[in-house]
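1. coords please:
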Amino acid sequence: MLLESVLVGAVRGGTSLVFATLGETVSERSGVINLGTEGSMLAGALTAYAVGIETGSAWLGVAAGMVAGAALAMVHGFLVLRRGANQIATGLAVTFLGLGLTSLFGQSYVSQGVQGFSTHAVPGVSELPFVGPILFDHDPLTYVSFVIVPIVSFGLFRTGVGLRLRSAGERPEVLETMGTSPERLRWLALAVGGGLAGVGGAQLATAFARTWSEDMVAGRGFIAVALVIFAGWSPAMTIVGAYLFSGAVAFQLELQARGTDISIFILDAIPYVIVLVVLAALSRRRRFAMPEALESVFDVQSSAP
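-> Numbering: from 1, shown residues only. All right, here's what the predicted structure looks like:
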């Protein structure tokens, strides 16, 4: 059935986006936009794939991928938080750095086999009609993504650390009067964000595609940044945005497999057109949900007298 196939593909293909979008949500909640999410995903994908091959453990690969993603985010943090560099330009530079490094060091891993994650049906519920195959017949990291969404949401909105982190993105001067450094919280947020993006890349390489190829993330990091806006900086809504995009990808792939007469170039554009349309429709409403500190990122300071 077309609908069931599309929804299965939405969940399976959207897991990497769930991790990356959650990570970027945490980062932006602290007041830092990280366009280097794409680079962190690439670093996580290659590192997880390489460590998985060398050690034979997919879980060690995921852990290494998380560290690699966080490390690249720290490069962004150093340039932005310590050197005062422009966040947008720096994020793009970090993405190109990640692309270059993974292209260089990933050459020997192209077409190698990895002991990655297989799909595991959850006993009992996976046999449920319609819902079972969609939600309960996936790789372990997909099940982890189901859990990490409420965990991140709870951490941001129900803990003291989360409150301070959100304050860094809204009223950093209040934190300073209380003797708390907004910069430290932003370092923490970037590390968490980059680590989650690394896990997203790891899932892509070791569970979804089970292979490594140059630039295999293919823009998902940039889509994750856009989905943060779609979600209104809400962790709970990130999963909706991730599945919407990946569902559109699955839909166009299903149409191609069924031999539709629609041009393949039009089909390939469908997911991105959907994201643009949704963002355009929600942009005015989502603007009021933006953490206040992010507004300064887009302010153009004129040097004219």
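2. Mind jotting down where the helices sit in the stretch 151-300 of the chain?
-> With DSSP state H, counting those that start in this stretch, the ranges of helices along the stretch 151-300 of the chain come out as 160-170, 172-177, 182-203, 220-230, 235-257, 264-287, 292-295.
3. Just put those in TSV and tack on distance to Asp139 and mean neighbour count.
-> C-beta coordinates here come from the backbone N, C-alpha and C atoms, glycine included. Output for those, formatted as TSV (distance: least, CB to CB, whole Å; neighbours: other CB atoms under 10 Å):
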stretch	distance to Asp139	mean neighbour count
helix 160-170	29	18
helix 172-177	39	14
helix 182-203	7	27
helix 220-230	17	25
helix 235-257	14	20
helix 264-287	22	13
helix 292-295	34	15
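4. so which of the ones you listed gets nearest Gly65?
-> helix 182-203 (3.4 Å; CB to CB).
5. so that closest one versus helix 160-170, what angle?
-> For helix 182-203 against helix 160-170, the angle by axes from the mean of the first three to the mean of the last three CA atoms, to 10 degrees is 100 degrees.
6. Run through the neighbouring helices and strands of helix 182-203.
-> helix 2-29, helix 37-55, helix 58-77, helix 140-157, helix 160-170, helix 172-177, helix 220-230 (3 or more CB pairs under 8 Å, 6 or more residues apart in numbering; DSSP states H and E).
7. Could you report the neighbour count for Ser234?
-> Applying other CB atoms under 10 Å, we find 17 residues neighbouring Ser234.
8. quick thing: my sequence starts at 47, can you match it?
-> Right, with 47 as the first residue, what we last looked at is Ser280.
9. What's the per-residue pLDDT of Arg333 here?
-> Note for Arg333: predicted pLDDT of 59.
10. Could you export the helices of the stretch 197-346 of the chain as TSV, including distance to Gly90?
-> Shown next, in TSV, are those (distance: least, CB to CB, whole Å):
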stretch	distance to Gly90
helix 206-216	22
helix 218-223	29
helix 228-249	3
helix 266-276	10
helix 281-303	16
helix 310-333	22
helix 338-341	24
